[in-house]
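Colleague: Predicted model, plus sequence, below.
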Amino acid sequence: MTFSVHMPFTPVRADQVLPVGELVSRADDCRLWLGQSLSLEPHQLFAYLAGRGIQVPVGTSVTLMPLRHPLEAASQARSLAQLTGHPVEAGYGPGSADFQRALLGATYRSPLTATREYLTAVRSFVDGASTALPPIDHPRVRLGLGVLRPAMARLAGEIADVAITWLCPPSYVKDVLVPEIRAAARAANRAVPQVVSVVHLAQRKPRRDPARLALAVSRAHLQSPHYVDMLGKAGVQVRPDDPESGARALVDHGVFLHGDIAELVSGLDSYREAGVDEIVLNLSGVGFERGAQVAVRELELLLLSLGSVRHDFR
């Protein structure tokens, strides 16, 4: 199992990503992940880092399908692989019904069918099966799907290289998602996708309320029907009309990890036991509440404790 890093705040200036990129560059087998943002576009932020000489492995967790044509998605992903000099993990998802309706004028009739068609098209462009993009040399682009529920887990097992979870309890990953992914991959006679779990966490500090941190990073998710449904199936009961109590439930059930370093490390180990191949450390709650510098400093301390980052004596 490896440890990677999610950007622990939403950048509003490109240069704000430099300290996080530099931290990732000093870590072993570490990848920098960005989610969808309508402020600064994630692919362009990664390209900015590469242009500043910080060429690290990157991944998207996830970008939303209604925003870009599959050809554009493929072009962005392989461009990043060429610019960074590393394999890229490009994750996609259909987004919420409201998001689909706002951009497309209607929801997907079947999000699963739309996702299957989208990822299949992206793969044809990336792999050169379609001649729409001219050939270029680049490290591998690994295609991923955001996975919350069993049906999408099965689809990931059939067609994806990576299955990416978000706010999924480790017991749910172990008992529901991983078995579905593996069974679908076996049935399709293909390699089992890597499982990547984005894990929200924060160190215990005086006057720090973990439920408030969880709410800061997860309010929209706690009001989204597909997250509410997934969490309910996982035994974490949340109500879309009461995200505050939902945030407390995330903490109480260990979905938002909180504690001293030893407790955080123990909580992360439960994801290894669940069959996760890569844990993405997300300190966005700290970043939103305490600022970027505090989040980056605590992220470095955590990576040091996990033995994943080298000391920097410059």
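Modeller: Nice, thanks for sending it over.

Colleague: Only C-alpha atoms from now on, for both contacts and neighbour counts.
Modeller: Will do.

Colleague: Angles on the backbone of the nearest residue to residue 106 once chain neighbours are set aside, please.
Modeller: When the adjacent residues along the chain are set aside, residue 106 lies closest to residue 100, with 6.4 Å between them (CA to CA, 6 or more residues apart in numbering). Main-chain torsions, residue 100, degrees, to the nearest 10: phi -60, psi -50.

Colleague: show me the contacts for the spatially most central residue of the chain.
Modeller: The centre of the chain sits closest to residue 61, judged by CA atoms, centre = their mean, with a distance of 3.2 Å. Applying CA atoms under 8 Å, 6 or more residues apart in numbering to residue 61 gives the contacts 33-36, 90-92, 146, 164.

Colleague: Next, check these against the strands and list the overlap.
Modeller: With strands taken from DSSP state E, the overlap with those comprises 33-34, 90-92, 146, 164.

Colleague: ok now stretch 104-121, how far from the chain's centre?
Modeller: Mean C-alpha position of stretch 104-121 versus that of the full chain (CA atoms, centre = their mean, to the nearest Å) differs by 20 Å.

Colleague: quick revisit: got a winner among the ones in strands among the contacts of residue 61 for most neighbours?
Modeller: Highest neighbour count within the ones in strands among the contacts of residue 61: residue 164, with 29 neighbours (other CA atoms under 10 Å).

Colleague: mind listing what it touches?
Modeller: Going by CA under 8 Å, 6+ apart, the list of residues near residue 164 reads 61, 91, 144-147, 195-198.

Colleague: rewinding a little: dump the ones in strands among the contacts of residue 61 to TSV, plus distance to residue 269 and pLDDT.
Modeller: Listed next are the ones in strands among the contacts of residue 61 as TSV, based on distance: CA to CA, whole Å; pLDDT from 0 to 100:
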residue	distance to residue 269	pLDDT
33	20	98
34	23	97
90	25	98
91	24	98
92	26	98
146	22	98
164	17	98
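
Colleague: Out of those residues, which is nearest to residue 21?
Modeller: Nearest to residue 21 among these, counting by CA to CA, is residue 33 at 10.1 Å.

Colleague: Show me which residues of the longest strand along the chain are buried.
Modeller: Of all the segments of type strand in the chain, defined by DSSP E, the longest one is strand 194-203. Buried residues in strand 194-203, counted by 16 or more other CA atoms under 10 Å: 194-203.

Colleague: For the helix or strand that comes right after it, enumerate the helices and strands it packs against.
Modeller: Next along the chain after strand 194-203, taking DSSP states H and E as the criterion, comes helix 210-222. Applying 3 or more CA pairs under 8 Å, 6 or more residues apart in numbering; DSSP states H and E, we find helix 210-222 packed against strand 194-203, helix 225-233, helix 243-252, helix 284-290.

Colleague: what do you get if the cut-off is 10 Å, keeping everything else the same?
Modeller: Packed against helix 210-222, as judged by 3 or more CA pairs under 10 Å, 6 or more residues apart in numbering; DSSP states H and E, are the following elements: strand 194-203, helix 225-233, helix 243-252, strand 256-259, helix 284-290.

Colleague: next one: phi and psi at residue 62?
Modeller: phi -130, psi 170.

Colleague: correct me, but it touches residue 33?
Modeller: Yes - counting by CA atoms under 10 Å, residue 33 is a contact partner of residue 62 at 9.1 Å.

Colleague: Overlap of the contact sets of the two?
Modeller: 89-90 (CA atoms under 10 Å, 6 or more residues apart in numbering).

Colleague: give me the number of residues near the residue nearest to residue 106?
Modeller: The number of residues packed near residue 100 is 19, by other CA under 10 Å.

Colleague: beta partners of the residue lying closest to residue 6 once chain neighbours are set aside?
Modeller: Closest residue to residue 6 apart from its sequence neighbours, by CA to CA, 6+ apart: residue 33 at 4.6 Å. Beta-bridge partners for residue 33, by DSSP bridges, are residue 6, residue 59.
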